[in-house]
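Colleague: Got a sequence here, can you model it:
(one chain, ligands or ions: 2)
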Amino acid sequence: MITLSGVSVTYPGGATALHPTTLSLSAGQFVVLLGPSGAGKSTLLRTLNGLVRPTAGRVELDGLGALDCPRRLREHRKRTATIFQQHQLIGHISVLSNVMLGRLGYHSTWRSLLPLPRRDHLISLECLEKVGLADRALDRADALSGGQQQRVGLARALAQHPGLVLADEPVASLDPATARRALLLLHDICKGEGITAVVSLHQVDLARQFADRVIGISAGRVVFDGPPRELTEVELRRLYEHAAPSVRQPPGAAAFSLPPTTAEVRA
Ligand SMILES: Nc1ncnc2c1ncn2[C@@H]1O[C@H](COP(=O)(O)OP(=O)(O)O)[C@@H](O)[C@H]1O
Ligand SMILES: [Mg+2]
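Modeller: Ligands and ions are numbered 1, 2, ... in the order given. From the prediction side, this is the model:
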């Protein structure tokens, strides 16, 4: 559904965050990006929604063509939802109003200044229902727990009716059990609705559990690309060898290979 051909990114300061990269994402895949901090995961995600323009190479979408003009970029962004680590909710407005922000791409700028149509309310409520938070629709967003706020972020993404979801360390600020539940929800909804997902994570065990495909990035290069069962300890060592000491975790450390308990997954 989306192809990068020789895409590289060098930031204005001169740092090359992504060396020439060629890869294709298939529709409906749940892809996990792994790699140490500074490897280029966020940069890759930002090139996928056009927030970062490649210094070289091109990004192409099936049915839309190359992302090289404002009209195609707008069209692509409308159907591409982004989920952030800090969920970026507006705390002092209601949960429902936050989810409705996902609908703005379907309206012109002037129209979005007015109250949105009833249909947008209904879609947003439906999305809150999917993440189990319909009963909190009228609460202020900042009254919810971190895990619940992340689910509101997911509902806002779903309200966009996306074909592609990009999630940049969406569970990094959650405790392990909440993180697993949040990722299970994201995974199951994407699979159920045929949404392609690209999710960056630091937890190798979660990648193993949920990914159809793992893309490992180290120092701006793809050093692993395959199903999680091929992600051996040797591959992991290679992936994390350029990590700073504070983030490097030796293969075999808990974050790498603790299998989840069934109770934890279903809790
Ligand atoms: N806006 C930016 N301007 C300049 N350099 C940046 C910018 N964003 C990221 N970088 C640099 O690009 C490299 C990759 O960063 P990033 O994509 O954020 O990696 P990751 O998400 O894997 O931690 C790092 O060296 C980082 O310092
Ligand atoms: Mg990042």
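Colleague: so how far is ligand 1 from the residue of the chain found nearest ligand 2?
Modeller: At 3.2 Å from ligand 2, residue 42 is the closest residue in the chain, using CB to the ion. For the C-beta atoms, the positions are set from N, CA and C on the backbone; glycine is no exception. From residue 42 over to ligand 1 the distance is 3 Å, taken as CB to the nearest ligand atom, to the nearest Å.
Colleague: residue contacts, that residue?
Modeller: Neighbour list for residue 42: 168, 200 [criterion: CB atoms under 8 Å, 6 or more residues apart in numbering].
Colleague: secondary structure element for it?
Modeller: helix 41-48 (DSSP states H and E).
Colleague: got the buried residues for that helix?
Modeller: 41-48 (16 or more other CB atoms under 10 Å).
Colleague: Stretch 143-157 too?
Modeller: Here stretch 143-157 shows 144, 147-157 as buried, counting by 16+ other CB under 10 Å.
Colleague: chain center to it, what's the gap?
Modeller: 14 Å (CA atoms, centre = their mean, to the nearest Å).
Colleague: Residue 99 - how many residues pack around it?
Modeller: 31 (other CB atoms under 10 Å).
Colleague: right, and it touches residue 159 too?
Modeller: Yes: with contacts counted by CB atoms under 8 Å, residue 99 reaches residue 159, the gap being 5.2 Å.
Colleague: Mind checking the pLDDT average for the helix holding residue 42?
Modeller: Mean pLDDT, helix 41-48: 97.
Colleague: contacting residues around the helix or strand just after it?
Modeller: Remark: after helix 41-48, the chain's next helix or strand is strand 56-61, criterion DSSP H and E. With contact meaning CB under 8 Å, 6+ apart, strand 56-61 is reached by 1-8, 20-22, 47-48, 50, 66-68, 72, 76.
Colleague: so strand 56-61 versus helix 41-48, what angle?
Modeller: 60 degrees (axes from the mean of the first three to the mean of the last three CA atoms, to 10 degrees).
Colleague: so what strands line up beside strand 56-61?
Modeller: Strand pairing for strand 56-61, using DSSP bridges, gives strand 2-10 (antiparallel), strand 65-66 (antiparallel).
Colleague: Residues of this protein that sit close to ligand 2?
Modeller: 41-42 (CB under 5 Å from the ion).
Colleague: interface residues of the chain facing ligand 1?
Modeller: 11, 13, 15, 17, 35, 37-43 (CB under 6 Å from any ligand atom).
Colleague: can you rerun that using 8 Å?
Modeller: 9, 11-13, 15-18, 33, 35-46, 52, 168-169, 200, 217, 220 (CB under 8 Å from any ligand atom).
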